[in-house]
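Trainee: Just to be clear, the model below is a prediction. Sequence and coordinates:
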Amino acid sequence: RLAKAVAKLGPSYIKLGQFLATRPDLVGAKAALELEELQDRLAPFSKALAIESIESALGRSIGEIFEEFGDPVAAASIAQVHNAKIRDGHSLRDVAVKVLRPGVERRFKRDLGDMFFAAKIAERYSSEARRLRLYDVVDTLARGVKMEMDFRLEAAAASEFAENTLADPDFQVPGVNWERTAKNVLVIEWIDGTSLSDLVSLKNHGYDLPQLGKIVIQSFLRHAVRDGFFHADMHQGNLFIDREGRLAPV
């Protein structure tokens, strides 16, 4: 019930829960396992709402944008993802369509307002809170969230990330479909692979789990040290292994 309780509090608290899911040393293994549901298994919003958002953002009907548009396949705090097909010459190509949750900006604004209020009160009455600069921490979160809800910025970052890692043999960044991308819609290449959150499937496919862990750590360090530009949310819900054994982040 822990994940459901956190999800009801709002998107900002979901972000906190996602972070805690990566820290079993802080919350315990059982709680961390439950909180993993917040990474990509939240309740989706309706397909009809997603279609309405896409048509409004791109100014075309869903049939003009995609040859096929499927049900949601993953849902997180800010957006959810649908599988779709686009025409590529004489054939169809799979793409992933990320759609912003309706009303999420308003809910974040409410949550952040609560956090700013709490930070102000804490700094007024606690010297320890003033030392930690809680108000500045919330302000940093607010600016980060504002950027995260503009998918054009994410698309630009993904394109730069792809250029930086083009020669990395064990890493693949899915390409962006700019023609179908807007502020609240992001369309990228479909990754046909296995999520790193699905340990059973990884084992059934015969993957060497310690080797996968090595690839994850070495990839992150390579990007951070070599490029100074790295994926800032590399939890297992955002990582896949494709059929060629490459790590694919989304």
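Mentor: Alright, I've got the coordinates. If you're wondering where the values come from, they're calculated on a predicted model, not measured in any experiment.
Trainee: CA only for contacts and neighbour counts going forward, please
Mentor: Fine.
Trainee: Sticking with M234, tell me its helix or strand.
Mentor: For M234, there is no host helix or strand (DSSP states H and E).
Trainee: Read off the pLDDT value for the residue nearest the centre of the chain.
Mentor: Geometric centre of the chain, nearest residue: N238, 6.1 Å, by Cα atoms, centre = their mean. The confidence metric pLDDT takes the value 87 at N238.
Trainee: Then the one 10 residues further on?
Mentor: A248 is assigned a pLDDT of 95 by the prediction.
Trainee: Tell me, how many residues neighbour R93?
Mentor: R93 has 14 neighbouring residues, counting by other Cα atoms under 10 Å.
Trainee: part of a strand, is it?
Mentor: Yes: according to DSSP: H, G, I helix; E, B strand; the rest coil, R93 belongs to a strand.
Trainee: Quick check: beta-bridge partners of it?
Mentor: When bridges are called by DSSP bridges, R93 pairs up with I86.
Trainee: Now do the closest residue to the residue nearest to the centre of the chain other than its chain neighbours against D111, distance only.
Mentor: Take N238 and drop its neighbours on the chain: the residue closest to it by Cα to Cα, 6 or more residues apart in numbering is V250, 5.2 Å away. According to Cα to Cα, to the nearest Å, V250 stands 26 Å off from D111.
Trainee: Same question for G63.
Mentor: G63 is 36 Å from D111, by Cα to Cα.
Trainee: Show me where the protein has its helices.
Mentor: 2-9, 11-21, 24-27, 29-35, 37-40, 47-58, 62-65, 104-125, 127-132, 134-148, 151-164, 199-204, 209-221 (DSSP state H).
Trainee: mind checking how far the fourth one is from the chain centre?
Mentor: Relative to its chain's centre, helix 29-35 lies at 19 Å (Cα atoms, centre = their mean, to the nearest Å).
Trainee: the bottom helix or strand of this protein by mean pLDDT?
Mentor: Least confident helix or strand, the chain: helix 37-40 with a mean of 73, by mean pLDDT, DSSP states H and E.
Trainee: hang on, the earlier thing: I figured the residue nearest to N238 was touching F171, is that so?
Mentor: No: the pair V250 / F171 is not scored as a contact, 11.7 Å apart, by Cα atoms under 8 Å.
Trainee: Most tightly packed of the helices of the chain?
Mentor: helix 37-40 (a mean of 23; mean count of other Cα atoms under 10 Å).
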